[in-house]
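Q: Got a predicted structure plus its sequence, pasted below:
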Amino acid sequence: MAKILVTGVRMWYGFNTIRILSNQGHEVYAAESSRLSMGLYSKYIKKRYFYPDISADSKGFIDKIIEIVEENEIDYLIPVFEETYVLSYYKEALKDKVKILVPDFKSINKLHDKYSLSELAKELEIPSPKTCLLENFTPNELNFPIVLKPRRERGAVGIKIIKNNEEFEKFTEKIDKKEYMAQELMSQEQYCTIGLAKDGKLISNTIYHNLEEYPYKGGFGILRESVASEEINKYVEKIVERENYSGFLCIDFLRDLKSSSFKITDVNPRMSPGLMIAYSEGISLPNLYLDLLENKEHKKIFSKGGKGTYTTVLRLGWLFQVLFSGNFKLLKGFKRRTINKLEDVWDWKDLKPSIVFFTHLLISVVFGPKMSGSQQSFYYKRSMFFYDHFNCNL
């Protein structure tokens, strides 16, 4: 039995990590920056802790993590959300104190920047949408409609579809052009991955397709189905090898409906909701993570397809959004889509986390736009990585 600290447990895949490890007999500790974090209320944890804002007080965050590790003699640290980036930045401070598998900060900086990702894709001959930096872009370089995206964001935050030159001029007056890029508009048939690698070798990769997303016009998946694709696995392996990558790696692709090829659009160098989709495929990523830290040999484990997960609480939010929008055709097959899939939040044996999750989500919907500018900003408060707090000119 090992002592394990899991951070970022407001995310439901952090809660899933806790459940999986506890059921394997490990002693699990949980830490977060918000009291409305579902994993802090699980019966599966030994003790809970709070840490400060991971970006605004990153040194305080690291000091708190070290304090928790030393106080409880923690063996392994598993980061879940964007605290991964901060832990990578301060990786030397954790050396000889706790075992952790995170990517190099230079790789995080490169891969999380959508423009530098597009440049890397060109080098590795991985298909990607046509992309230009907005500060150097003129509307005649791409045919309208186009997509304007922040270079560094999560989910669909800040993305705007531009239909004509008038909309382009109006929108670009309000933003920092250095932090945006222009991209060709593609189909929204998205495929996501969650992988785990060590020292440039991809050990596991699960590919899945979001059947529903929240918000419903584009966001994170709330009903997901696993698929198999040698093409996508090959692209992920190229990135892992080039970056000598270690840790969790989540990549988004859009399927080109004309050529049926997959084009890379985004990388999140951390864990994602795909954790439980992998689990539905019989792949326990938390246990694999521990094995890799102990240098145990593993054969490659890739998804075979046909499995999946759903999140009931978020599906209810999706349902209300669709009903209020009047887009009723999206409701077709709503109930049937959960067949042969696992619920990844609700646990009848451990109800408090689900109640806290729903409460946090509801407060974010009602008060988020007024208090923090958006629902997402309120929900992720104190857990987001902001590059201007760090030396990212690497």
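A: That came through fine.

Q: how about the helices in the chain?
A: Counting by DSSP state H, one finds helices in the chain at the ranges 12-23, 58-72, 83-89, 91-94, 105-112, 114-124, 165-172, 230-243, 274-280, 285-293, 312-325, 352-372, 375-379.

Q: Which elements pack onto the lowest-mean-pLDDT helix or strand in the chain?
A: Here the helix or strand of the chain ranked lowest by mean pLDDT, DSSP states H and E is helix 375-379, holding a mean of 82. Helix 375-379 sits against helix 352-372, with contacts defined as 3 or more C-beta pairs under 8 Å, 6 or more residues apart in numbering; DSSP states H and E. In this view, the C-beta of every residue, glycine as well, is placed from N, C-alpha and C.

Q: quick check: angle from the helix it packs on to helix 312-325?
A: 40 degrees (axes from the mean of the first three to the mean of the last three C-alpha atoms, to 10 degrees).

Q: So which residues make contact with helix 352-372?
A: 10, 12, 15, 34, 36-43, 313-314, 317, 345-347, 374-379, 381 (C-beta atoms under 8 Å, 6 or more residues apart in numbering).

Q: And Ile355, what's its pLDDT?
A: pLDDT, Ile355: 94.

Q: Please apply the same query to Arg315.
A: 91.

Q: Count the neighbours of the closest residue to it other than its chain neighbours for me.
A: Spatial nearest neighbour of Arg315, chain neighbours left out: Ile222 (5.5 Å); criterion: C-beta to C-beta, 6 or more residues apart in numbering. Number of residues near Ile222 (other C-beta atoms under 10 Å) recorded here: 25.

Q: my guess is Ile222 meets Leu319, correct?
A: No: the criterion here is C-beta atoms under 8 Å, and Ile222 misses it with Leu319 at 10.2 Å.

Q: Tell me the spatial nearest neighbour of Cys132, not counting adjacent residues.
A: The nearest residue in space to Cys132 (C-beta to C-beta, 6+ apart) is Ala182, at 4.9 Å.

Q: Quick check: the one you found touching Phe144?
A: No: at 10.5 Å, Ala182 does not count as touching Phe144 under the criterion of C-beta under 8 Å.

Q: In the stretch 251-394 of the chain, where is pLDDT below threshold?
A: By pLDDT under 70, the weakly predicted segments of the stretch 251-394 of the chain are 391-394.

Q: thinking again about what came up before, quick one: contacts for the residue nearest to Cys132?
A: 131-134, 137, 141-142, 146-148.

Q: follow-up on the earlier one: would you list the buried entries among the contacts of helix 352-372?
A: For the contacts of helix 352-372, a neighbour count by 16 or more other C-beta atoms under 10 Å gives the buried set as 10, 12, 15, 34, 36-42, 313-314, 317, 345-347, 375-376, 378-379, 381.

Q: Phe302: how many residues sit nearby?
A: Phe302: 22 neighbours (other C-beta under 10 Å).

Q: Hmm, it is touching Asn233, no?
A: Yes: taking C-beta under 8 Å as the definition, Phe302 is a contact partner of Asn233 at 5.7 Å.

Q: Can you check which residues contact both of those two?
A: In contact with both Phe302 and Asn233: 205, 207, using C-beta under 8 Å, 6+ apart.

Q: okay, which residue is most central for the protein?
A: Ser272 (3.9 Å; C-alpha atoms, centre = their mean).

Q: Leaving out chain neighbours, which residue sits closest to that one?
A: Cys250 is the one closest to Ser272 (C-beta to C-beta, 6+ apart), at 4.0 Å.

Q: Show me which positions of the longest strand anywhere in the chain end up buried.
A: Assignment by DSSP state E gives strand 201-214 as the longest strand of the chain. For strand 201-214, a neighbour-count test (16+ other C-beta under 10 Å) marks 202-214 as buried.

Q: could I get these as TSV with distance to Asp53 and pLDDT?
A: Output for these, formatted as TSV (distance: C-beta to C-beta, whole Å; pLDDT from 0 to 100):
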residue	distance to Asp53	pLDDT
Leu202	33	98
Ile203	33	98
Ser204	32	98
Asn205	32	98
Thr206	31	98
Ile207	34	98
Tyr208	31	96
His209	34	92
Asn210	30	85
Leu211	35	88
Glu212	32	88
Glu213	28	85
Tyr214	25	81
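
Q: Please work out how many residues are found near the closest residue to Tyr90 other than its chain neighbours.
A: Among residues not flanking Tyr90 along the chain, Ile62 sits closest, at 4.6 Å (C-beta to C-beta, 6+ apart). Neighbourhood size, Ile62 [other C-beta under 10 Å]: 21.

Q: isn't Ile62 right up against Ala93?
A: Yes: taking contacts as C-beta under 8 Å, Ile62 lies within contact range of Ala93: 5.7 Å.

Q: Now do the contacts for the closest residue to Gly60 other than its chain neighbours.
A: The shortest distance from Gly60 to any non-neighbouring residue, by C-beta to C-beta, 6+ apart, is to Pro52 (4.3 Å). Going by C-beta under 8 Å, 6+ apart, Pro52 touches 33, 60-61, 64, 382.
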